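S.K.: pasting the sequence and the predicted model now:
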Amino acid sequence: MIDKIVGSAKDAVSDIFDGAVVMISGFGEAGSPIELIHALIDHGARNLTIVSNNTGSGHVGLAALIANRQVRKMICSFPRTANSKVFPELYTKGEIELELVPQGTLAERIRAGGSGIPAFYTPASVNTPLGLNKEVRVFGERSYVLEHALTADFSLVKCRAADRYGNLVYNKTARNFGPIMCMGARTTIVQASEILPLGGIDPEIVITPGIFVKRVVHIPNPVHESVLVAENRRYPW
Amino acid sequence: MIDKIVGSAKDAVSDIFDGAVVMISGFGEAGSPIELIHALIDHGARNLTIVSNNTGSGHVGLAALIANRQVRKMICSFPRTANSKVFPELYTKGEIELELVPQGTLAERIRAGGSGIPAFYTPASVNTPLGLNKEVRVFGERSYVLEHALTADFSLVKCRAADRYGNLVYNKTARNFGPIMCMGARTTIVQASEILPLGGIDPEIVITPGIFVKRVVHIPNPVHESVLVAENRRYPW
Amino acid sequence: MSEVALQVALDIPNGSYVNLGIGIPELVADYVPQGREVIYHTENGLLGMGPVPSADAGDPELINAGKKCITALPGACFFHHADSFSMIRGGHIDYCVLGALQVSADGDLANWSTGEPNAIPAVGGAMDLVAGAKNIVVISQHSTKNGEPKIVETCTYPLTGKKVVNRIYTNLAVIDVKDNRLWVSKLAPGVSFEYLQANTGAILQMESDC
Amino acid sequence: MSEVALQVALDIPNGSYVNLGIGIPELVADYVPQGREVIYHTENGLLGMGPVPSADAGDPELINAGKKCITALPGACFFHHADSFSMIRGGHIDYCVLGALQVSADGDLANWSTGEPNAIPAVGGAMDLVAGAKNIVVISQHSTKNGEPKIVETCTYPLTGKKVVNRIYTNLAVIDVKDNRLWVSKLAPGVSFEYLQANTGAILQMESDC
């Protein structure tokens, strides 16, 4: 029998190794797998490369992972946050690397990684500082840059509901990077607010087919990052 | 107000011009927009380039369009059909062109066309006759061929239900090339078995967002190609 | 800037798919004319974005690109980031309304970084939007807070995209970018061409019918 | 070929994602051992393919890659063609079971065209499958209907892929392709190595524990 449900977030992240590349879903707090990130903080793997659109808020979740000095490098499109100085301070001191990627290029590189496409051309960043040092090629009458696939050792993803095969559905704009990050990692670890029996998700509405998911953890009432930030909470608690 | 619903298949296809590139959804009969194809036969545009996975069955639908000598060139992955000699006979006589594309490359080229990606690399067809004359490039230790985006002037697509914004849902494996062909054409024309009011499709389960659709025709009881073929029907009737 | 936002809204045709940048561009959504339907796209995965909900009704998992709570209208749909940028890069968005640090005479846009050595660079989706949307419209104050022109011969800040802007709406004028030149198509009430030119860092042309 | 199909099925681990080619490979689905779950992928957009329905229960919009009516099991999901080939090309399919016209000693596969001048070429998804699936398994009669070997030093038919086959199951033997050589890991009952070699167009090695 296939059963991808694991007992705890702790168990789910236990093989994330020092130096791993880890994709973390979410756009701001929407879709950020905060309980899995906290388990990764407890686990303590260091020297990580994190692929995520932002760099977290306050002193919880992704910001806390960075503050805990577990991250060597961020690959993201928007590392500034109104209410967090964690990344900017380390970056200004030269203590964390940044690979800044236009958001659509970031999404497409992740999808390419999961789809066996090693590289593709895109118009974004041509003739800008982010296009420097990239190979430029003309198709038709327009210039494009060559971009390479991104893959990861692990992805940490938040979804609304899952079944034991790892089929997933999401909630509203919390979907964002989740489906493509599930595709892009060798080991995709998902936290789901609800676990449904097999067949409990209509096959027409599955957003992430289970083939892209390795482990599912049931986190019935995930915390809201914005609530924790408003309460000035810090992780570890 | 936005209302993409048009009154008839005839009206929907009336601006398809001689020499147009037309994508036609479907894998075998599943998802083939047979009523739209028949309207295109009535309309009579010639010298078409058709992008579709197969070449049709019997003497109806896509096979009838080819038999009616409206197609100059087929771009497809599998032009052989158990029960149709229409394409093979014209091809053997040199009266229709064929661009044979591996199925996954065909799908990815269509998606790329709709996604503003002019070209990408794929491992499929390397070291085979279909990889000849393609640019080969090594990434990591593996060879890949460069493939170019496919776009179309029109797409003809079948779906299960639509609303007036052009949001679509499909039926089972009739989904196949529909969603990506909607993305890949300047003018996407859809036949839907059911028209739902705005909000009648849960925003979480929309498969094709309306932004990719220009016109929707209500075809409440589409014919089944296999039934017509079993009855040895021919179009025009 | 609400009158400028109204002007932008009046120029967007019925049925358009529109992406609004963070900040002043968001104002445009308040002014859709009666009888017109415009569908707003937010790049974090929603077509059919509706107004901001009341303070206690927000869902932290229903937000816009600026990470503010929003709503979804009937006919809306959700999708993932790769599909969202297929819409953008693939030329399916009719209008993208963006803010600007600088716009050049030939339509170069700088709106993501002042290039200061200590600044944390952050680009988001701006480079994809300018590369992909059919019409790039800038809405901005005509001058900076320090009174310096934002419309210049050549941008000094790092570019978001080259030759991408189609039209500029400011508190002083509406200006089209055509053939690498700036054409004034409308002056705000009480603003003279001479005043406009004096506050602009690039040479302006007057449309004959303006 | 049902005993060969059984052998293939016995070697596919619990939890595998498996794509079955058209024809003889489809037989494999009939032999999943008790207590094992295997998820079948069909490239036209379904994970969780179930058995063929009764003749009058078929849905012409629920078919497999061979365009035969099938069923969907609980836990199945539908998806479009680009996503389907992301699964294939991206290395997410554990086993792909294919038929063959020829297999060479170093694992080249020819299974889409005899290269005859009058043949209508048709490739389908075979080239993507051999490029992307983690394990490519061939199931085939050992020889052609005319008694010619299908396992050869060098394929004479047009290739589907080069060095792609991991294992070959025939009515005579199970043969692994390793280090550009063919290793016999199992002989069918009553088949001697000498008989096998005599009916094979390439040099065979015997696994020491075989």
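M.R.: All right, it came through fine.
S.K.: for chain A, what are the nearby residues on chain C?
M.R.: C:42-46, C:59-64, C:67, C:72, C:78-82, C:84-85, C:88-89, C:113, C:118, C:120-128, C:131-132, C:158-162 (CB under 8 Å from any CB of the partner chain). The way it works is simple: take the backbone N, C-alpha and C, and place the C-beta from them, glycine included.
S.K.: now intersect the residues you listed with the strands, please.
M.R.: Residues of those located in strands (DSSP state E): C:42, C:46, C:72, C:78.
S.K.: for those, which one is nearest C:Asn19?
M.R.: C:Thr42 (7.3 Å; CB to CB).
S.K.: any idea how many residues pack against the closest residue to that closest one other than its chain neighbours?
M.R.: The shortest distance from C:Thr42 to any non-neighbouring residue, by CB to CB, 6 or more residues apart in numbering or on different chains, is to C:Asn64 (4.5 Å). Residues lying near C:Asn64 (other CB atoms under 10 Å in any protein chain shown) number 23.
S.K.: C:Asn64 and C:Gly23: what is the separation?
M.R.: 11 Å (CB to CB, to the nearest Å).
S.K.: before we move on, the earlier item: quick one: the residue nearest to C:Thr42 and C:Met49 touch, right?
M.R.: Yes. In this structure, C:Asn64 is within contact of C:Met49 by CB atoms under 8 Å, at 6.2 Å.
S.K.: now do the shared contacts for those two.
M.R.: Taking CB atoms under 8 Å, 6 or more residues apart in numbering or on different chains as the criterion, C:Asn64 and C:Met49 both touch C:42, C:70.
S.K.: can you tell me the element A:Ser193 falls in?
M.R.: strand A:185-195 (DSSP states H and E).
S.K.: that strand pairs with which strands?
M.R.: According to DSSP bridges, strand A:185-195 forms sheet pairs with strand A:152-162 (parallel), strand A:215-218 (parallel).
S.K.: just list whatever residues bridge to the residue nearest to A:Pro33 when sequence neighbours are not counted.
M.R.: The shortest distance from A:Pro33 to any non-neighbouring residue, by CB to CB, 6+ apart, is to A:Lys158 (3.9 Å). Note on A:Lys158: beta-bridge partners by DSSP bridges are A:Gln191.
S.K.: point me to the residue sitting farthest from the middle of the chain.
M.R.: All of this refers to chain A. Here the centre of chain A is the reference, and by CA atoms, centre = their mean the most remote residue is A:Glu141, at 35.4 Å.
S.K.: please refer instead to chain C.
M.R.: Computed with CA atoms, centre = their mean, the most peripheral residue in chain C is C:Asp56, at 29.2 Å.
S.K.: how about that one, phi and psi?
M.R.: phi -90, psi 0 (degrees, to the nearest 10).
S.K.: give me the pLDDT for it.
M.R.: For C:Asp56, the pLDDT comes out at 82.
S.K.: that one and C:Cys69, how far apart?
M.R.: Taking CB to CB, one finds C:Asp56 at 10 Å from C:Cys69.
S.K.: close to chain D: what parts of chain A are there?
M.R.: By the rule CB under 8 Å from any CB, the part of chain A lying against chain D is A:1-2, A:111, A:113-117, A:163-165, A:167, A:183, A:198-199, A:201, A:203-204, A:206, A:209-212.
S.K.: got the angle between the lengthiest helix in chain A and helix B:103-115?
M.R.: Assignment by DSSP state H gives helix A:103-115 as the longest helix of chain A. Here the directions of helix A:103-115 and helix B:103-115 differ by 170 degrees (axes from the mean of the first three to the mean of the last three CA atoms, to 10 degrees).
S.K.: what's helix A:103-115 packed up against?
M.R.: Here helix A:103-115 is seen to pack against strand A:119-122, strand A:142-148, helix A:178-184, helix C:81-89, helix C:126-132, helix D:81-89 when contacts are counted using 3 or more CB pairs under 8 Å, 6 or more residues apart in numbering or on different chains; DSSP states H and E.
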